[in-house]
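> From the sequence below, what's the structure:
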Amino acid sequence: MALERLKPFFLLGNYNALELWPLINITIPCWLLLAFAPKWKYTPVLTILGPMFFALLYTLSLLSLTIFGEDASSDQIDFSSLEGIVTLFSDPDMVFVGWVHYIVYDTLVGRWMVLDAIKREGHTMLFHVVVMVPILFLALMFGPFGWLLYVAIVRPIANTLGGGHQGDKTKAKVHQF
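Numbering: from 1, shown residues only. Here you go, the predicted structure:
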């Protein structure tokens, strides 16, 4: 089995990908806040903590493999060809690093979509439940597809519902990071 040859991540206490895998679930509270408490005053701050944590996990994992790994050499990775990417992801350690990469960006995109929608006057709880929650699910499961639907369809609709302009920023302060 491929998981038998997992390497320890030096910069993460020599834990391997299988031992670190349960940490992936830390992203769930971020998505729950975005879906069920989008206008709560702590949501903007709390939903940036998950991506920050995963960005650190990603960075330390990547550095552990590319700098401190036994057979590590970042110049051996060929990002310019499909064959190189397939080879890269044939390593279960790199699959873990790649998955953490996806988690960071998908969560940041979901967060941006919600905070952006809140700034628009047309964003009501009904709009959030009927439109944004399904879009968030698509962003969580299919990343770019959910983002594309939001930018191409939902955002223009939210602008129309809100009178074609962003909401009055004195009504609700939305923190931007």
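> so what secondary structure elements neighbour the helix or strand of the chain with the lowest mean pLDDT?
Least confident helix or strand, the chain: helix 155-161 with a mean of 81, by mean pLDDT, DSSP states H and E. For helix 155-161, the elements it packs on are helix 92-118, judged by 3 or more Cβ pairs under 8 Å, 6 or more residues apart in numbering; DSSP states H and E. From N, CA and C alone the C-beta is placed, and that goes for glycine too.
> Go through the helix it packs on and flag the buried ones.
92-94, 96-100, 103-118 (16 or more other Cβ atoms under 10 Å).
> what's around residue 49, how many residues?
For residue 49, the neighbour count with other Cβ atoms under 10 Å is 12.
> which ones are touching residue 35?
Residue 35 makes contact with 132-133, 136, according to Cβ atoms under 8 Å, 6 or more residues apart in numbering.
> Quick one: the helices in this protein, in order.
17-20, 27-36, 43-66, 82-88, 92-118, 125-127, 133-142, 144-149, 155-161 (DSSP state H).
> Can you pull out the low-pLDDT segments for the protein?
Low-confidence segments of the chain (pLDDT under 70): 1, 70-75, 121-122, 162-177.
> tell me which residues of the least confident helix or strand of the chain are tucked away?
Neighbour-count burial for helix 155-161 flags residue 158 (criterion: 16+ other Cβ under 10 Å).
> Kindly report the same for stretch 40-47.
43-44, 47.
> Any chance of CSV for these, columns distance to residue 11?
Converted to CSV, the buried residues of stretch 40-47 look like this (distance: Cβ to Cβ, whole Å):
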residue, distance to residue 11
43, 31
44, 29
47, 26
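> Quick one: end-to-end length of stretch 85-100, please.
16 Å (Cα to Cα, to the nearest Å).
> if we can go back for a sec, residue 62: which of the contacts of residue 35 is nearest?
Distance to residue 62 across the contacts of residue 35 (Cβ to Cβ) is lowest for residue 136, with 27.4 Å.
> Hmm, that closest one is touching residue 34, no?
Yes: contact criterion Cβ atoms under 8 Å: residue 136 and residue 34 qualify, at 5.8 Å.
> Find residues that contact each of those two.
Common neighbours of residue 136 and residue 34 (criterion: Cβ under 8 Å, 6+ apart): 110, 114.
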